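Enquirer: model this:
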Amino acid sequence: MNFKAACYDAYHDYRDIYIYYPDKSIITMVSENANAKRSVEIGYMTLITGLLEILEEANGIEITEDMMNMNGKRRGEHVGKKLGTNKTPEKALLEFIEYVRPYYDIEIIESKKTKNGFKADIKFNRCMIKDLSKNRGISIKNPLCRNTHGFIEGALSFMTANQVDLNTPITGWDVCNGCIEFKEKRDRFRFY
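Expert: Next comes the predicted model:
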């Protein structure tokens, strides 16, 4: 059989392979490799869920969320270092969104300069954490979302040398909406 093109969607459809034939028919195949990778994802999510439960029991939910946020910020700073510094918020946000596209599908709804810096309303169309949680059949753990927040804030803060805050007041299985605010960092202490 001749086929026109093959596309590989690694995340949204859990590594199903679509083959498009000249007669416009589409065949979906799930390879053994895809099933193995899906099993690995389930294993990782089981491990992460278990670790979070232990952390929550030992430290409480609030401290666990703070720990996950700090972990995300540190990982984000490493990504920010890879992507470069001294960028405008607009450019940093676009480069970051492109970099994380395999894991997060983030759409900028509206962006504008503000009195204190820059603000962007965003929408998460797809999120690695939600995909893994849904695949495992568990509810989305708030500490995992806090880890993602920290990751985004850490990367963008490192890239722009701004204070970056991500707020996602609307969350759900299908989509999450949020706002990223960039503000100039304030000196905590001034010595004259």
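Enquirer: tell me the domain ranges of the protein?
Expert: Residue ranges for the structural domains of the chain, counted by automatic domain parsing, are given in the record as 1-30, 35-184.
Enquirer: export the ones you listed to CSV and tack on mean pLDDT and mean neighbour count?
Expert: Where C-beta positions appear, they are placed from N, C-alpha and C, glycine not excepted. As requested, those are arranged in CSV below (pLDDT from 0 to 100; neighbours: other Cβ atoms under 10 Å):
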stretch, mean pLDDT, mean neighbour count
domain 1-30, 43, 11
domain 35-184, 88, 17
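Enquirer: contacting residues around the residue nearest to the spatial centre of the chain?
Expert: Centre of the chain computed as the mean C-alpha position; nearest residue by Cα atoms, centre = their mean is Y104, 4.5 Å away. When contacts are counted by Cβ atoms under 8 Å, 6 or more residues apart in numbering, Y104 is found next to I97, F124, R126, C127, M128, T148.
Enquirer: For this structure, which segments are assigned as helices?
Expert: Listed in chain order, the helices of the chain (DSSP state H) span 32-59, 61-83, 89-99, 128-136, 142-160.
Enquirer: Please produce CSV containing the ones you listed, extended by distance to K183.
Expert: Shown next, in CSV, are the helices of the chain (distance: least, Cβ to Cβ, whole Å):
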stretch, distance to K183
helix 32-59, 30
helix 61-83, 16
helix 89-99, 10
helix 128-136, 26
helix 142-160, 10
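Enquirer: Could you single out the nearest of the contacts of Y104 to N142?
Expert: T148 (10.7 Å; Cβ to Cβ).
Enquirer: so the closest one makes contact with I129?
Expert: Yes - under the criterion of Cβ atoms under 8 Å, T148 is in contact with I129, at a separation of 6.0 Å.
Enquirer: got the CA positions of stretch 154-162 in CSV?
Expert: The C-alpha trace of stretch 154-162 is given here as CSV (Å, rounded to 0.1, in the frame of the first residue of the first chain):
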residue,chain,number,x,y,z
GLY,A,154,10.8,30.5,36.8
ALA,A,155,11.6,30.3,33.1
LEU,A,156,10.0,33.6,32.2
SER,A,157,11.5,35.4,35.2
PHE,A,158,14.9,34.2,34.3
MET,A,159,14.5,35.1,30.6
THR,A,160,13.2,38.7,31.4
ALA,A,161,14.7,39.5,34.8
ASN,A,162,11.1,40.4,35.8
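Enquirer: How much space separates the closest residue to M67 other than its chain neighbours from R74?
Expert: Counting by Cβ to Cβ, 6 or more residues apart in numbering, M67 lies nearest to L55, which is 6.8 Å off, once chain neighbours are set aside. Distance of L55 to R74, given as Cβ to Cβ, to the nearest Å: 16 Å.
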